[in-house]
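Enquirer: Here's my sequence, what's the structure:
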Amino acid sequence: MILYGASGLTQRQQAHDLLAKAAETHWGLFPLPPLERGPKGKPFFPGREDLTFNLSHSGSLALCALGGTPVGVDIQIVRAWRPGLPRRVCSPRELAWLGEGPDFWERFCQLWALKESLVKQRGTGLTHPISAIQVPLPTGEGLLMEQDGLWFRTYCGAGWRGAACGLEQPPEDIQWMTL
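Expert: Predicted coordinates for the structure are as follows:
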């Protein structure tokens, strides 16, 4: 798996531009083949099951994971969400973890990115109850974690948190690109 990122985005379409540039850089794939979506919305290249990818964008940032097996990625701008949301989407174990750190909303965004990366890797989308979607809880930044045969890694920067998930270990670093 390899992870590409872009910042300074002004339009949602630029996440697709990141995918095109990453696919050309990593796989030599140009032009980008047409995309289709699975039953739960996961995008894929028809007839190219050997080339898997996933995209995420939040605010002016985007992440793109490329791999040879299913991958999931998510990025979240750190912000305060509705106060009641954590109780609806987190398990008791996750709520306890959220309360352990100095910045509740940074931790919540990291947890949300981990959950999103898992369901995007699986291609299932967010299922209800969201609190039942279990991910490993990080004990530090940039940590590599394993759960049920899947690898997770967390990422962070000024004002954002991200996560990647796959059968292969996510890389330590994001390859940042200029669009």
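Enquirer: need the strands for this structure, in chain order.
Expert: For the chain, the strands identified by DSSP state E occupy 2-6, 36-37, 43-44, 52-58, 61-67, 71-77, 144-147, 150-157, 160-166, 175-177, in order along the chain.
Enquirer: Pairing partners for the longest one, with directions?
Expert: Based on DSSP bridges, the strands next to strand 150-157 in the sheet, each with its direction, are strand 144-147 (antiparallel), strand 160-166 (antiparallel).
Enquirer: most packed of those?
Expert: The highest mean neighbour count among the strands paired with strand 150-157, using mean count of other CB atoms under 10 Å, belongs to strand 160-166: a mean of 28. Any C-beta I mention is one placed from the backbone N, CA and C, and that applies to glycine too.
Enquirer: That strand - what's its average pLDDT?
Expert: Averaging pLDDT along strand 160-166 yields 98.
Enquirer: residues making contact with it?
Expert: Contacts of strand 160-166 from elsewhere in the structure, counted by CB atoms under 8 Å, 6 or more residues apart in numbering, are 1, 3, 56, 58-59, 61, 63, 65, 67, 69-78, 106, 109-110, 113-114, 116-118, 120-121, 150-156, 170-171, 174.
Enquirer: Render the CA-only coordinates of it in CSV, please.
Expert: What follows is strand 160-166 as a C-alpha-only set of coordinates in CSV (Å, rounded to 0.1, in the frame of the first residue of the first chain):
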residue,chain,number,x,y,z
TRP,A,160,-6.3,17.1,10.8
ARG,A,161,-6.3,13.4,11.6
GLY,A,162,-6.2,10.4,9.2
ALA,A,163,-6.1,6.7,9.1
ALA,A,164,-5.4,3.9,6.6
CYS,A,165,-6.5,0.3,6.7
GLY,A,166,-5.6,-2.8,4.6
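Enquirer: how about the nearest residue to S91 once chain neighbours are set aside, what does it touch?
Expert: Of all residues beyond its chain neighbours, the one nearest S91 is S131 (4.8 Å), with distances taken as CB to CB, 6 or more residues apart in numbering. Shown here is S131, whose contacts under the criterion CB under 8 Å, 6+ apart are 88-91, 94.
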